[in-house]
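Participant: Got a sequence here, can you build the structure:
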Amino acid sequence: MEKMNVESFNLDHTKVSAPYVRLAGVVTGKNGDVVRKYDIRFKQPNKEHMEMAALHSIEHLMAEHIRNHTNQVVDLSPMGCQTGFYLTMINHDDYEEVLNILEKTLRDVMEATEVPACNEVQCGWAANHSLEGAKQLAKEMLEKRSEWSIVFKGE
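Facilitator: The predicted model follows:
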């Protein structure tokens, strides 16, 4: 297959085993800052996906709460395929700590009583949220915490 510009388009999605957390890219800026992008895969590609209301809510919850555990987050954004998220961090190179930060963040989701910024002023589709769906996604991901570093089948 021809190499493409988008890293994930070069990933064989039939060989990965979700859930996992994978370092998907590293870019060094001209002033020495290092940006790392992680593929946080909740669902097995082309087999499962997150329902939109649950994905939307867990995105709000994770994006808000992850910043309580580190100040090195640039962005946390959902994948269009609805199977996971991209986490972008600056000047942070400790994979195990990323896993611990993610675990703490998902535990925050489990304890949430409301979805942050779930209103028409702060959200572009405020009617489309599910706190319970977000908590279920977090629960499923946390239950497989020991598997997060295993990206490919048979590792």
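Participant: Check the most centrally placed residue in the chain and give its pLDDT.
Facilitator: Geometric centre of the chain, nearest residue: residue 85, 3.2 Å, by C-alpha atoms, centre = their mean. For residue 85, the pLDDT comes out at 98.
Participant: Residue numbering should commence at 24 henceforth.
Facilitator: Done: numbering now begins at 24, and the last item shifts to residue 108.
Participant: in what helix or strand does the closest residue in space to it that isn't next to it in sequence lie?
Facilitator: The shortest distance from residue 108 to any residue other than its chain neighbours is 4.6 Å, reached at residue 63 (C-beta to C-beta, 6 or more residues apart in numbering). No exception for glycine: its C-beta is placed from N, CA and C like everyone else's. Using DSSP states H and E, the secondary-structure element containing residue 63 is strand 57-64.
Participant: Doesn't residue 138 belong to a helix?
Facilitator: No. Secondary structure assignment (DSSP: H, G, I helix; E, B strand; the rest coil) places residue 138 in coil, not in a helix.
Participant: nearest residue to residue 142 other than its sequence neighbours?
Facilitator: When the adjacent residues along the chain are set aside, residue 142 lies closest to residue 149, with 5.3 Å between them (C-beta to C-beta, 6+ apart).
Participant: so where's the longest helix in this protein?
Facilitator: Determined from DSSP state H, the single longest helix within the chain is helix 118-134.
Participant: For the helix or strand that comes right after it, enumerate the helices and strands it packs against.
Facilitator: Toward the C-terminal end, the helix or strand that comes next after helix 118-134 (DSSP H and E) is helix 154-166. Using 3 or more C-beta pairs under 8 Å, 6 or more residues apart in numbering; DSSP states H and E as the contact criterion, the secondary-structure elements in contact with helix 154-166 are helix 75-88, helix 118-134.
Participant: if we can go back for a sec, show me what the residue nearest to residue 108 is bridged to.
Facilitator: residue 44, residue 108 (DSSP bridges).
Participant: and it, what is it in contact with?
Facilitator: Residue 63 makes contact with 44, 107-110, 125 under the criterion C-beta atoms under 8 Å, 6 or more residues apart in numbering.
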